[in-house]
Every structure is written in C-alpha cells, then in structure tokens.
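**Student:** Please find the sequence and the predicted model below.
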Amino acid sequence: MVLLTNDDGYFSEGINILSRKLQTLGEIYIVAPDRERSASSLSLSLHKPLRVKSAGEKTFAVSGTPADCVYMAIQKLLPRKPDLLISGINHGPNLGQQDISYSGTVAGALQGTFLEIPSLAVSAISHPQEGFDFEFSADLIEKAAAYLLSNRWFSGVTLNINIPPPPIKGIKVTKLGQKRYNPEIISKSDPRDRTYYWIGTGNPQAIGDDESDVMVVKEGYVSITPLHKDLTAHKVIESTELHSLLGTVTK
C-alpha cells in the first residue's frame, strides 16, 4: 500500500498523475489538503477542527496541512499502515536548506519518517516554455517506488527528490545547498484604509558546490538528497566552545 500526500491539494495534476502511474504497485491512497498549503512546513492544526471529505475512490481531502493529512491517514482513514509514503509530485522545486525548512511537500514526507514509514518527497521543475512534465517525473518515481517496496529502507531517513525537465543527464545523490531568499514585503491598504502585507519570494540565489542539490539540478541531473530526522549537531556536543559557554552561563 502506498500513501500519497502533497501541499498543492488533492486535485493537483502532479499527485493525480503519480497515483495513476503507481496503480500496478498495489493499493494507492491519496490523503491531501483540500486547498494549496505551500510553505506550511510541519505545522499542525491544533486550534481548529479538521474536516475530511471523500473526493473519489481512495481519495480524501483534509482541511489541514500535509502533516495533518499524514496523521489523519494513519489513524483514521487507511485500513493499515502504508508500506511507502510519497509526498508530491510538487509543482516546483524544493532545493537547499531553506526550501526544505519551509516546504509542506518535504514536511509531509518527514511526518511519514517520524511515524516510521519509508518516505520520499518528490518535486518537479518546469521547463521555461513547456511547463511541467509530470508524466516523465511519475515514470521515474514509479521505478523508484517499485524498488523501495521490495528492498530495505534507511531508518530515520527521508529522500528528497528534485526532477528537472527532460532530457536529463542522469541521477546524482547530493547534499543540501542553499537558496538565499531576500523576500520583498509589500504593504497595501484595504477598502477600509487598514494596512495589510504580502510576503513575496523574491529571486533566490542558489549557493553550493558541484555536489549540492541546487547545482546538480541546474546542470540537468535528478537530485536525490537523504535527509535525516535527527537534527542534532553531534560534533558540537563535545566542542570546547560550547562547554566554555556553559561554564560562563552557570557561574
């Protein structure tokens, strides 16, 4: 059984093409937000009720975030725990340290990893003139899903996959680079002369070496980045600088 979620909504082209491609692998369930939830990260809806509606065979729309959707799927909607969770196919890239911190797509996969489900996040990058080729991306993920359903998974690891438009040069395992944003905050007035604000994304600057996801995708390769749920900076735990700080604070 495979669970699909996303942050673009249950109706999005990416998730529905992927669902169709994966039908030969077993039962496919879609449990996804009822509207776009981009940049929602791992947020949970703790202060308002969630509503779920059936949106087709084995498809559910949830009035919450991707993380909400995964919880709802596991505890209320699926007959058993899925063998694999795929979050996507996202309409746009999720590259670098900043994107994965904000991304609802990546968060959906991380939530699966927290619940000990083999999970991957998948994002497609559009061609400047031709748009998204979700069929191509889904073909790649179908092969990856078939392999992952039959082989041992890496405990505590989420795979973040970014697919450039075809033709691709190959596939590379990468580390996270950076996409440095300088968002513009636009202020306007509503009809009652009250100020409101829009946060834009600006034009992020890609920074990284030849082995980073941001650069590999720019060169036309599919990027697969393993993300570990343990965010502890283990090398810093025993550092003299940190223990000097502790000594200063406790005096």
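**Tutor:** Sure, I can see it.
**Student:** I figured Ser45 hits Val62, correct?
**Tutor:** No. Using Cβ atoms under 8 Å, Ser45 makes no contact with Val62, being 9.1 Å away. No exception for glycine: its C-beta is placed from N, CA and C like everyone else's.
**Student:** higher neighbour count, these two?
**Tutor:** Each of Ser45 and Val62 has its neighbours counted (other Cβ atoms under 10 Å); Val62 has more, 27 against 15.
**Student:** could you check the distance from Ser43 over to Arg37?
**Tutor:** Distance, Ser43 to Arg37, by Cβ to Cβ, to the nearest Å: 9 Å.
**Student:** Mind checking which of those two has more residues around it?
**Tutor:** Between Ser43 and Arg37, counting by other Cβ under 10 Å, Arg37 is the more crowded of the two (25 against 15).
**Student:** thinking the more buried one is in contact with Ser103, fair?
**Tutor:** No. Look at Arg37 against Ser103 with Cβ under 8 Å: they stay out of range, at 10.4 Å.
**Student:** so where do the strands sit in the stretch 101-250 of the chain?
**Tutor:** Counting by DSSP state E, counting those that start in this stretch, one finds strands in the stretch 101-250 of the chain at the ranges 119-124, 157-163, 170-173, 178-180, 185-189, 195-199, 205-207, 221-228.
**Student:** and these as JSON lines, adding distance to Glu57, mean neighbour count and mean pLDDT?
**Tutor:** Output for the strands of the stretch 101-250 of the chain, formatted as JSON lines (distance: least, Cβ to Cβ, whole Å; neighbours: other Cβ atoms under 10 Å; pLDDT from 0 to 100):
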{"stretch": "strand 119-124", "distance to Glu57": "22", "mean neighbour count": "29", "mean pLDDT": "98"}
{"stretch": "strand 157-163", "distance to Glu57": "27", "mean neighbour count": "24", "mean pLDDT": "97"}
{"stretch": "strand 170-173", "distance to Glu57": "33", "mean neighbour count": "13", "mean pLDDT": "97"}
{"stretch": "strand 178-180", "distance to Glu57": "38", "mean neighbour count": "17", "mean pLDDT": "91"}
{"stretch": "strand 185-189", "distance to Glu57": "42", "mean neighbour count": "9", "mean pLDDT": "92"}
{"stretch": "strand 195-199", "distance to Glu57": "38", "mean neighbour count": "9", "mean pLDDT": "91"}
{"stretch": "strand 205-207", "distance to Glu57": "41", "mean neighbour count": "14", "mean pLDDT": "90"}
{"stretch": "strand 221-228", "distance to Glu57": "31", "mean neighbour count": "20", "mean pLDDT": "97"}
